[in-house]
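1. Build me a structure from this.
(2 chains)
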Amino acid sequence: MRDLSQRALDTAVQRGATYADVRVVRRSEESISVKAGRVDAVGSGETEGFGVRVIVDGAWGFAASSRLTGDEADRVAAEAVRIARASATARRRAVVLDDRPPAKGSYRTPYVIDPFTVSVEDKIALLLEAERTMARIEGVAFAEASYSAQREWKAFAASDGSDTDQEITHVVAALEVNAVDGDELQRRSYPDSGQAAGWEWVVGLDLVGNAARIAPESVALLSAPQCAPGRRTIILDPSQLYMQVHESCGHPTELDRVYGTEASYAGTSFLTTDKLADGFRYGSDLVTIVADATSPGGMGTFGWDDEGVAAQRVPLVQDGILAGYLSSRETAPRIGRQSGGAMRADGWDRIPLIRMTNINLLPREGMSLADIVADTDDGLYLASNRSWSIDDRRLNFQFATEVAYEIKGGKLGGLVKNPTYTGITYEFWRSCDAVADSSSYVLFGTPNCGKGEPGQVGHVGHGASGARFRNVQVGVGKW
Amino acid sequence: MVRGATTEAQAAAQKVLAYALAAGATQAEVLFSEGDSALTRFANSEIHQNVTERDAQVSLRFVDGRRVGCAATNRLDDEALRRLAERAAAIARLQPEQEEALELPEPGQVALVTGASSQATRDASPESRAAGAREVIAAADAVGVLAYGSFTTSVERIGVINSKGVDVIEERTSASLITVSMGRDGEAGYASSSAVDVTEIDAAAIGREAAGRTRDSRGAVSIEPGDYQVVLEPYAVADLLETLGYVGFSALAVQEDRSFHESGRVVGSNLVTIVDDSTDPAGLPASFDYEGVAKERVTLIERGICRDVVFDAQTAKRAGRRSTGHGLPAPNSYGPFPLNMLMAPGDASHEELVSGLDRGLIVTRFHYTNPVHPKLAIVTGMTRDGLFLVERGEVVGPVRNLRFTQSYLAALAGVEAVGRDRFRVSGDFSPVVVPAVRIAAFTFTGATEH
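-> The predicted model follows:
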């Protein structure tokens, strides 16, 4: 593979590239889902290819191919240069990259049990047991259990002498159970998450035990009272808080989005760079959020990003104040910084974009999640994300969760169905008056973060322990 | 269908099918595709991303009695293809015997659709896409705003063969240009176009439409959320159809009791008729689905009444009927999907739609919509890139964006006028063909700062 990479780099430079990099990527995937007591789908996929990224005349070009031959390396590199020259016909500022030492070395996701060596039979047996545990509950309409794994080998080489190789392994598991009564449909799920790990992580989820927990709850929700409109104190379980972090902190701190390069698709960001200099108050003093590509087990953990920048921990919000961005070698110099190492591509045929790494809301020692509930006289405890939506500057958000529990006198009470809450990002985070300690901290993995054109699916992580927010609008819309 | 020299992926598919049968498959199916796709993306009125890719892949569905294994690869050398068949066979044989057997489709009459591909799109180049981007940028420059967007072209040869004799192949091309232009104060406007033939896309006109909408959006003021009469432009109507397709127009959704769709149920006003028809040249034509079954025209809603949903081989077998040709690539848990939806036009001009607003809003498009309650089709999302207040039939001016939380079924029921002109609109899943509509009441539940 090094021969192919070097040939592509040589061709690109000979044809006028002032910078070039090549990623050779091979990806293996497997997926299993069971539903209604039967195996619904079992699949295995592999894909390989290489992508060449160049700067010519201060503009970007990128070309990719699945044919790993020397001649194709020449063709693709030449095509990337041609594309860059076309880009330069509509250029207003030249691309300038930050300086960094050439990247060298290897990285491999640590795991105990290689998920690809566990037999399909054993995986199906576990999923079927979990699915049957849910399906046997009276009132359940349908249930599904699923698992998937992905392994990606990638070799990165650049014209500055960088040369790295990485093997990243991710596993994902999900249970979903649905109860239906007429037009009413209630869902519960667990954990709908992933990890950079092996099969041992899936075993540790106790899928069967959790299936027994969530299935009766889906049925009970059918007759639970509707979430009433009003302004309430809410406590977000980590299973919802991670999504709040994802949408209202992760995406708006992507510096390419801030500079408008996602404007025609997902939008821009209210966190404009003047707010960094001004010390914008994003949240209360309790809110500290980091982008940490070194978090053990995180789906945003790696050795180097796809520009050869080493994994690192970058503060985004420190004690409530905007402190930084997710950045790249091109965007970071524009705010006078070095790249934070957030560029990743979805496979060989996509160009790297700024992606979340592991965006973690750090726990605050002092109160456990149970202590926060006990400290709440009247409120709602919301868990497990059901839907999400946020405006094109990441200000007005609305989330629905699968379940809410009334809190009265510091105790969790009855179920509430169809809970929703809405707000403006910075007002919401400023209303945070309690963040739970590390005893409830969970690192979630999100394997389906969409961004870019052509579309890319990113794997990212989010750590959260639970938090309380005051005076939040709940029960949105007509039901 | 395109018949001619065997393509690389087609030859690989034939080998894989032979390997699967040699490995003892009782039935086998190979989906194959190959092609080139390219995208030129611009922001702040300059090209910032410009990419192309070439790929070819084969995907095998290996059936062994009542067990099914799927495997895919983009390595087309002989060793990789043999390994693909072995992998799919192993996956199938490691499973417990299923109660329900899969029956792959029988070969049927696949009628040739016209206009699925275009030489001009095939010939599109980085230079021609950059030229299109420059035309959009020039239109933005003319009104002093910045242009953002993307221009894509793709050509794909796709085919399906199976052990029962299904053998179909077709070339499909597509092109799409979308743009948002934005002014200094954040005012924004949107326009887009998609076509089989890239020469049908008038980049300058798209640029002018977006820039004009941006100019008209300057000085937007806040209004209170609440119930408003609305005119949804085609870009917004497209979201209604796509979301309803996602939550309700699939036979699997009906069979799992998670769809609102029930034949004979009244869900819309009698002005609402929605079909899925891949033969209509108004959309992006295609002859067959990912199981090699001819695509049929399916009436989803007729004059407000639920009629039928779309089927693939598996859901059709369960229902005791034939597939309508809406299967997705295997394996998938989503079931069949309507990829060629069209809404019937009405008789209202755009001016008549707007003049019927007593106090209402013109909504250019929706952003980041998501079902809050799929079976009730309650959806939340934001307006974006052009929201205008109308009083007594006259446009008062631009207003800041609002969040809605609204049952899309209730929206269909409230349709009181439908535009006579239809537009092909790029969607999240596929293009849809829709008119603008006027709806009696739409519930906005929140506001934002722009």
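2. Chain B - how does it break down into domains?
-> Per the record, chain B has its domains at B:8-204, B:219-450, by automatic domain parsing.
3. Identify the bridge partners of residue B:434.
-> residue B:423 (DSSP bridges).
4. Kindly report the same for residue A:226.
-> Going by DSSP bridges, residue A:226 forms beta bridges with residue A:417.
5. tally of neighbours for residue 195?
-> Just so you know, I chose chain A. When counting by other Cβ atoms under 10 Å in any protein chain shown, one arrives at 29 neighbours for residue A:195. Any C-beta I mention is one placed from the backbone N, CA and C, and that applies to glycine too.
6. My question was about chain B, not that one.
-> By other Cβ under 10 Å, 20 other residues sit near residue B:195.
7. which residues does it contact?
-> Counting by Cβ atoms under 8 Å, 6 or more residues apart in numbering or on different chains, residue B:195 makes contact with B:174, B:175, B:176, B:201, B:284, B:424.
8. Quick one: the helices in the stretch 201-350 of chain A, in order.
-> Assigned by DSSP state H, counting those that start in this stretch, the stretch 201-350 of chain A shows helices spanning A:207-222, A:238-245, A:255-258, A:274-278.
9. Among these, which comes closest to chain B?
-> Set against chain B and scored by Cβ to the nearest Cβ, the helices of the stretch 201-350 of chain A come closest in helix A:255-258, at 8.7 Å.
10. Mind giving me the packing neighbours of the closest one?
-> Judged by 3 or more Cβ pairs under 8 Å, 6 or more residues apart in numbering or on different chains; DSSP states H and E, the packing partners of helix A:255-258 are strand A:353-354.
11. Residue A:125 belongs to a helix, doesn't it?
-> Yes: counting by DSSP: H, G, I helix; E, B strand; the rest coil, one finds residue A:125 located in a helix.
12. since we're on it, how many residues are nearby?
-> Residue A:125, neighbours per other Cβ under 10 Å, totals 13.
13. Ok, residue A:183 next?
-> 11.
14. Could I get the contacting residues of it?
-> Contacts for residue A:183 (Cβ under 8 Å, 6+ apart) come out as B:260, B:375, B:376.
15. From these, which land in helices?
-> Among those, DSSP state H puts none in helices.
16. Closest one of these to chain A?
-> residue B:375 (4.1 Å).
17. was I right about that closest one contacting residue A:180?
-> Yes: between residue B:375 and residue A:180 there is a contact under Cβ atoms under 8 Å: 7.4 Å.
18. near chain B, which residues of the stretch 251-400 of chain A show up?
-> Within the stretch 251-400 of chain A, the positions lying close to chain B (Cβ under 8 Å from any Cβ of the partner chain) are A:259-267, A:270, A:349-351, A:386-393, A:395-396, A:398, A:400.
19. For chain B, see how far away the residue lying closest to residue A:284 once chain neighbours are set aside is.
-> Of all residues not flanking residue A:284 in the chain, residue A:432 sits nearest, at 4.7 Å (Cβ to Cβ, 6 or more residues apart in numbering or on different chains). From residue A:432 across to chain B, the span is 20 Å (Cβ to the nearest Cβ, to the nearest Å).
20. Repeat that for residue A:356.
-> 17 Å.
21. Provide the secondary structure category for the closest residue to residue A:58 other than its chain neighbours.
-> Nearest non-adjacent residue to residue A:58, counting by Cβ to Cβ, 6+ apart: residue A:94, 3.0 Å away. Counting by three-state DSSP, the backbone at residue A:94 sits in coil.
22. Near residue A:94, how many other residues are there?
-> 11.
23. now do residue A:277
-> Look at residue A:277: counted by other Cβ under 10 Å, it has 10 neighbours.
24. Please apply the same query to residue A:274.
-> The number of residues near residue A:274, taken as other Cβ under 10 Å, comes to 8.
25. cool, the one 5 residues further on as well?
-> Burial of residue A:279, expressed as a neighbour count using other Cβ under 10 Å, amounts to 12.
26. Count the residues that sit near the residue nearest to it when sequence neighbours are not counted.
-> Excluding the flanking residues, the one nearest residue A:279 by Cβ to Cβ, 6+ apart is residue A:321, at 5.2 Å. Counted with other Cβ under 10 Å, the neighbours of residue A:321 add up to 18.
27. Please look at residue A:321 and residue A:284 and confirm they touch.
-> No: taking contacts as Cβ under 8 Å, residue A:321 lies outside contact range of residue A:284: 10.5 Å.
28. where along the stretch 201-350 of chain B do the strands fall?
-> Applying DSSP state E, counting those that start in this stretch to the stretch 201-350 of chain B gives strands spanning B:227-232, B:274-276, B:298-302, B:305-306, B:341-343.
29. of all the ones you listed, which lies closest to residue B:398?
-> strand B:227-232 (14.5 Å; Cβ to Cβ).
30. Now do that closest one: everything it contacts.
-> The contact list for strand B:227-232 (Cβ under 8 Å, 6+ apart) reads B:240, B:353-354, B:357-363, B:390, B:436-444.
31. The residues you listed, buried ones only, as a ChimeraX selection?
-> This is the ChimeraX syntax for the buried subset of these, where burial follows 16 or more other Cβ atoms under 10 Å in any protein chain shown:
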select /B:240,353,354,357,360,361,362,363,390,436,437,438,439,440,441,442,443,444
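32. give me the subset of the contacts of strand B:227-232 touching chain A.
-> Among those, proximity to chain A is found for residue B:443 (Cβ under 8 Å from any Cβ).
33. Can you show me the strands along the stretch 1-150 of chain A?
-> With DSSP E, counting those that start in this stretch, the ranges of strands along the stretch 1-150 of chain A come out as A:19-35, A:38-56, A:59-65, A:104-108, A:140-158.
34. hey, which of those strands is tucked in deepest?
-> Mean neighbour count (mean count of other Cβ atoms under 10 Å in any protein chain shown) peaks for strand A:59-65 among the strands of the stretch 1-150 of chain A, with a mean of 27.
35. roughly how far is stretch B:328-337 from the heart of the chain?
-> On the basis of Cα atoms, centre = their mean, to the nearest Å, stretch B:328-337 sits 15 Å off its chain's mean C-alpha point.
36. Extract the C-alpha set from that stretch and format it as PDB.
-> What follows is stretch B:328-337 as a C-alpha-only set of coordinates in PDB (Å, rounded to 0.1, in the frame of the first residue of the first chain):
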ATOM      1  CA  LEU B 328     -34.300  -1.700  -1.000                       C
ATOM      2  CA  PRO B 329     -30.900  -3.300  -1.000                       C
ATOM      3  CA  ALA B 330     -30.700  -6.400   1.200                       C
ATOM      4  CA  PRO B 331     -30.200  -6.800   4.100                       C
ATOM      5  CA  ASN B 332     -32.400  -4.100   5.400                       C
ATOM      6  CA  SER B 333     -34.800  -3.800   8.400                       C
ATOM      7  CA  TYR B 334     -36.600  -0.800   6.900                       C
ATOM      8  CA  GLY B 335     -38.800  -2.700   4.500                       C
ATOM      9  CA  PRO B 336     -39.900  -1.200   1.100                       C
ATOM     10  CA  PHE B 337     -39.800   2.500   0.400                       C
END
